[in-house]
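Asks: Based on what follows, work out the 3D shape:
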Amino acid sequence: LGDHRVDRPFGPRVLVGAVAEALRRGGPAEAPGPLRAGRIALDPGDRTADVGGRRVALTVTEFDLLEFLMANPGRVFTREQLLDAAWGPGAGAGSRTVDVHVAQLRAKLGEGSPIRTVRGVGYVLDT
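Replies: Residues are numbered from 1 along each chain as shown. From the prediction side, this is the model:
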């Protein structure tokens, strides 16, 4: 709640009031702008993906995985880091799950997909 303090014990109305005040001070949240990598355009606000001007249907997980990689181009991530980013910490999915989703994502992005395997480490989005 920022620098607004709520002394305990407090009732639900006090908590709701403190949250409302913190939101008022924070102002409206700005939608993130589109991300671009080569022929790929990703709009996190609309959750849409285009490849060469053609709309591509991605699953929620594929979108989250691609968004994370596009927001961090050139940086190599381990499978575990990608699991945390796309599925959330402690999701219980295995590291091979990342490999399967990356393969599906590459197929949807087509030839020239910027996702590159770094052998023995993980994946990187080339710029």
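Asks: which residues in this protein form helices?
Replies: Taking DSSP state H to define them, one finds helices in the chain at 12-26, 60-71, 79-87, 95-109.
Asks: So what's the gap between the shortest one and the chain middle?
Replies: I take that to be helix 79-87. 10 Å (CA atoms, centre = their mean, to the nearest Å).
Asks: hmm, who's touching it?
Replies: Identification of contacts with helix 79-87 by CB atoms under 8 Å, 6 or more residues apart in numbering yields 61, 64-65, 68-69, 77, 91, 93, 95, 97-99, 101, 122-123. C-beta here means a position set from N, CA and C on the backbone, and glycine is covered the same way.
Asks: hang on, the earlier thing: quick check: which of the helices of the chain is nearest to Gly52?
Replies: helix 95-109 (9.8 Å; CB to CB).
Asks: The closest one vs helix 60-71, what angle?
Replies: 80 degrees (axes from the mean of the first three to the mean of the last three CA atoms, to 10 degrees).
Asks: Can you check the pLDDT for Gln81?
Replies: Here, the pLDDT recorded for Gln81 equals 92.
Asks: All set now, cheers.
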